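Chemist: how does the following fold in three dimensions:
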Amino acid sequence: MTTTLTIPHPENPQHVENLASVELLEAQGFQGNDASLAESLFQYGLAWRDLGNEWLIIYRHPTLAKRFGRCTLAKDTDPKRKWNWVEWRDVQNFCGSDMTDFTLLDTVEMLVNYYGTEEIFGSSCWVAISGEECDADMGRVEHDDRGGLQTVLTSLRERKRNERSRRDGATNMRRLERDIRRADLA
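Modeler: From the prediction side, this is the model:
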């Protein structure tokens, strides 16, 4: 017996009900960097779909487990202009390539590997794939209670600061290893 999968809102590819399961994503033509879309999402944290002039990208949320965000990215996006703060030489050293032959999605993937999804896409969240509440890890946010909102923002800032410290430490370690290799060669 074959079951037919119905796309809840075929006229709106970004509708969260269309993004509620790996099966729905596969049925709509989402792809990832792995042959398995589930592996791409849950292991590598990225999947995308061609929408004509833009890509619909799903990315793993940087701080909330099993949560994802989504964004669109015009296919003619100039990465160096969009992410003008990126230290491109560091990213090139990280990936071992000058990146001249990279597609836009290759570049996005490398930026996510180097900087993380929050730096590249932000930290929006939607209830998809996992089916759990977005703010379950942070507690309830009352929009009319400025103190509650401030607590969540402070928590996210602290997480971001800690993530940057870890990344800066890794970058410093890579630089130290590079300097040691250079010294050994001299």
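Chemist: what's the domain layout of the chain?
Modeler: Segmentation of the chain into domains, based on automatic domain parsing, reads 1-137, 145-186.
Chemist: pick the most deeply packed of those domains.
Modeler: Across the domains of the chain, averaging neighbours per residue (mean count of other Cβ atoms under 10 Å) puts domain 1-137 on top, at a mean of 16. Every C-beta, even on glycine, is put in place using the N, C-alpha and C of the backbone.
Chemist: now do the strands in this protein.
Modeler: With DSSP state E as the criterion, the chain has strands at 46-50, 54-60, 68-74.
Chemist: export the ones you listed to JSON lines and tack on mean pLDDT?
Modeler: Below are the strands of the chain laid out as JSON lines (pLDDT from 0 to 100):
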{"stretch": "strand 46-50", "mean pLDDT": "95"}
{"stretch": "strand 54-60", "mean pLDDT": "92"}
{"stretch": "strand 68-74", "mean pLDDT": "89"}
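Chemist: need these in TSV (columns: distance to residue 12).
Modeler: TSV is the format used below for those (distance: least, Cβ to Cβ, whole Å):
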stretch	distance to residue 12
strand 46-50	13
strand 54-60	11
strand 68-74	12
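Chemist: ok, back up a step: where among the domains of the chain is average confidence lowest?
Modeler: Of all the domains of the chain, mean pLDDT reaches its minimum on domain 145-186 (a mean of 59).
Chemist: OK, contacts around residue 12?
Modeler: residue 18 (Cβ atoms under 8 Å, 6 or more residues apart in numbering).
Chemist: what ranges do the helices span in this protein?
Modeler: 22-27, 37-39, 79-82, 88-95, 104-115, 117-121, 146-185 (DSSP state H).
Chemist: chain center to the second one, what's the gap?
Modeler: Relative to its parent chain, helix 37-39 has a centroid offset of 14 Å by Cα atoms, centre = their mean, to the nearest Å.
Chemist: what sits up against that helix?
Modeler: Helix 37-39 is contacted from outside by 22, 25, 26, 30, 31, 32, 47, using Cβ under 8 Å, 6+ apart.
Chemist: at 10 Å instead, please
Modeler: By Cβ atoms under 10 Å, 6 or more residues apart in numbering, the surrounding residues in contact with helix 37-39 are 21, 22, 23, 25, 26, 30, 31, 32, 33, 47, 58, 129.
Chemist: possible to save these as CSV with distance to residue 179?
Modeler: Shown next, in CSV, are these (distance: Cβ to Cβ, whole Å):
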residue, distance to residue 179
21, 48
22, 44
23, 49
25, 44
26, 46
30, 42
31, 39
32, 36
33, 32
47, 38
58, 39
129, 43
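Chemist: closest one of these to residue 180?
Modeler: Of all the contacts of helix 37-39, residue 180 sits closest to residue 33, with 31.7 Å by Cβ to Cβ.
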